[in-house]
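**Student:** here's a sequence, model it:
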Amino acid sequence: MTQLRRAHPLWFAYLLHRISGLLLALFLPVHFWILSKALTRPEDIDAFLAWTDLGIVKIAEWGLVFLLAAHFFCLLYTSPSPRDRG
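**Tutor:** Presented below is the predicted three-dimensional model:
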């Protein structure tokens, strides 16, 4: 019975929504830290911006965009519609 439930598309949407949410939650403190650096020590942000020009960082940024999109669309996919509420 457990195997049948895990093969359902909603299970995959739930899992992707949960994983993307966790990864986005881990990203937020780093993002706020960088923003605080930009406000308090502008000279430090120049070194960080030079680091963001690396190819691996660009790929990671696209990964963040994917995580955000997956998190949003999985939420839409797994949320009940108003007509399902009866």
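
**Student:** which elements pack onto the helix or strand that contains residue 21?
**Tutor:** Following DSSP states H and E, one finds residue 21 within helix 9-40. Secondary-structure packing of helix 9-40 (3 or more Cβ pairs under 8 Å, 6 or more residues apart in numbering; DSSP states H and E): helix 42-51, helix 55-78. To be clear about C-beta, it is placed using only N, CA and C from the backbone, and glycine gets the same treatment.

**Student:** residue 31: neighbour count?
**Tutor:** Applying other Cβ atoms under 10 Å, we find 11 residues neighbouring residue 31.

**Student:** quick check: mean pLDDT of stretch 8-28?
**Tutor:** Average pLDDT, stretch 8-28: 82.

**Student:** only C-alpha atoms, please: export that stretch in PDB.
**Tutor:** Output of stretch 8-28 as PDB, limited to C-alpha atoms (Å, rounded to 0.1, in the frame of the first residue of the first chain):
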ATOM      1  CA  HIS A   8       1.300   9.000  -7.100                       C
ATOM      2  CA  PRO A   9       2.100  12.300  -8.700                       C
ATOM      3  CA  LEU A  10       1.000  14.200  -5.600                       C
ATOM      4  CA  TRP A  11       3.700  12.400  -3.600                       C
ATOM      5  CA  PHE A  12       6.400  13.700  -6.000                       C
ATOM      6  CA  ALA A  13       4.900  17.200  -5.900                       C
ATOM      7  CA  TYR A  14       4.800  17.100  -2.100                       C
ATOM      8  CA  LEU A  15       8.400  15.900  -1.900                       C
ATOM      9  CA  LEU A  16       9.700  18.500  -4.300                       C
ATOM     10  CA  HIS A  17       7.700  21.200  -2.500                       C
ATOM     11  CA  ARG A  18       9.200  20.100   0.900                       C
ATOM     12  CA  ILE A  19      12.800  19.900  -0.400                       C
ATOM     13  CA  SER A  20      12.700  23.100  -2.300                       C
ATOM     14  CA  GLY A  21      11.200  24.900   0.800                       C
ATOM     15  CA  LEU A  22      14.000  23.600   3.000                       C
ATOM     16  CA  LEU A  23      16.700  24.700   0.500                       C
ATOM     17  CA  LEU A  24      15.100  28.100   0.100                       C
ATOM     18  CA  ALA A  25      14.900  28.400   3.900                       C
ATOM     19  CA  LEU A  26      18.700  27.700   4.100                       C
ATOM     20  CA  PHE A  27      19.400  30.300   1.500                       C
ATOM     21  CA  LEU A  28      17.500  33.100   3.200                       C
END
